[in-house]
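Chemist: Here is a sequence with its predicted model. Questions after.
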Amino acid sequence: MRVVLDANVLISAVLTPAGPPAELLRRWRAGEFDLLVSELLLGEVERILLSSKLAPRVATNVAPEFIALLRAEAELVRDAEAPPPVRSEDPGDDNLIALAESEEAALVSGDGHLLELASRAPVYSPREFLERL
């Protein structure tokens, strides 16, 4: 199964090693699903992990090491070349939706705007996706 984990899921996995997002990363590393990432997604994760807001909770070496892990072990796919169609109340989510759709992948997110689309697209919360595995 091909899966795109939203930046909020990837970041939560780093911040909370005992939660469902961290369990998803462990299960990906164990080979239970194929993780897809893109340059935009990696850039967002890195930017947030390096932000001053998270600086007190994240050691300086964590962001580059985590991004290096994702680059080395996840499947790097291309972002949409044209602006994606508007599908979410949050325009920043449209690229993620287009990415999952173009790669025929499930999208896992903790974002309410994306989870509202579950009736029209394969979008799951981290807990829901763990139950599917």
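Modeler: Everything's here; your move. Numbering: from 1, shown residues only.
Chemist: can you pull out the strands in the chain?
Modeler: Assigned by DSSP state E, the strands in the chain fall at 2-5, 34-37, 75-76, 106-108, 123-124.
Chemist: Residue 8 versus the residue of the chain positioned farthest from its centre, what's the distance?
Modeler: In the chain, residue 56 marks the outermost C-alpha relative to the chain mean, sitting 22.3 Å out by C-alpha atoms, centre = their mean. Distance check for residue 56 against residue 8: by C-beta to C-beta, to the nearest Å, it reads 19 Å. Where you see a C-beta, it was placed from the backbone N, CA and C, and this is true even at glycine.
Chemist: With residue 106 instead?
Modeler: 16 Å.
Chemist: Tell me which of the strands of the chain sits nearest to residue 94.
Modeler: strand 106-108 (11.8 Å; C-beta to C-beta).
Chemist: per-residue pLDDT, residue 51?
Modeler: We have a pLDDT of 90 for residue 51.
Chemist: and the gap between it and residue 74?
Modeler: On the measure of C-beta to C-beta, residue 51 and residue 74 end up 22 Å apart.
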